[in-house]
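**Student:** Here is a sequence together with a model predicted from it:
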Amino acid sequence: QVQLVESGGGLVQTGGSLRLSCATSGGTFTNYCVGWFRQALGKERELVAAITYNGGRTYYADSVKGRFTVSRDTGKNTVYLQMNSLKPEDTAVYSCAATPAPYYQIFRSTRDYNYWGQGTQVTVSS
């Protein structure tokens, strides 16, 4: 069974950067689509970025396009979310999720993802 562990969250000032990591234990990301979601206080969980298992396709929410980059290191079984030019509205708990998928498939709904990490807090101060 795939288990996901996020790391890299923290407190950063507006305009700063953070890199989140999502590592697997008990399995690999082979044949999995991986997504990064976030949930701010009082709001619904939303998909921020996603990547196909071969890294050939990516998805970004409009709110993060041009600022966030999702990538994966197959050898390390890790998916990254590089977050630049952070804004206070990026403050949320960020979680990675994975689900089996064809090489070309990206899923956007929380219902499509089978495995979830515990989440990591990102706080952007103004």
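**Tutor:** The structure has been received and is ready for your questions. Not measured: the values here are computed from a predicted model.
**Student:** Check which residues of stretch 22-42 are buried.
**Tutor:** 22, 23, 24, 29, 32, 33, 34, 35, 36, 37, 38 (16 or more other C-beta atoms under 10 Å). No exception for glycine: its C-beta is placed from N, CA and C like everyone else's.
**Student:** Which helix or strand contains the second one?
**Tutor:** Taking DSSP states H and E as the criterion, the element that holds residue 23 is strand 18-25.
**Student:** name the helices or strands packed onto that strand?
**Tutor:** Judged by 3 or more C-beta pairs under 8 Å, 6 or more residues apart in numbering; DSSP states H and E, the packing partners of strand 18-25 are strand 3-7, strand 32-39, strand 78-83, strand 92-100, strand 120-125.
**Student:** Residue 120 bridge partners, please.
**Tutor:** When assigned by DSSP bridges, residue 120 has beta-bridge partners residue 94.
**Student:** about what we covered before: extract the C-alpha set from the strand holding residue 23 and format it as PDB.
**Tutor:** The C-alpha trace of strand 18-25 is given here as PDB (Å, rounded to 0.1, in the frame of the first residue of the first chain):
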ATOM      1  CA  LEU A  18       9.100  27.000  -0.300                       C
ATOM      2  CA  ARG A  19       9.500  23.600  -1.800                       C
ATOM      3  CA  LEU A  20       7.200  20.800  -0.600                       C
ATOM      4  CA  SER A  21       8.200  17.200  -1.000                       C
ATOM      5  CA  CYS A  22       5.900  14.200  -1.100                       C
ATOM      6  CA  ALA A  23       7.700  10.900  -0.600                       C
ATOM      7  CA  THR A  24       6.300   7.400  -0.700                       C
ATOM      8  CA  SER A  25       6.900   4.500   1.600                       C
END
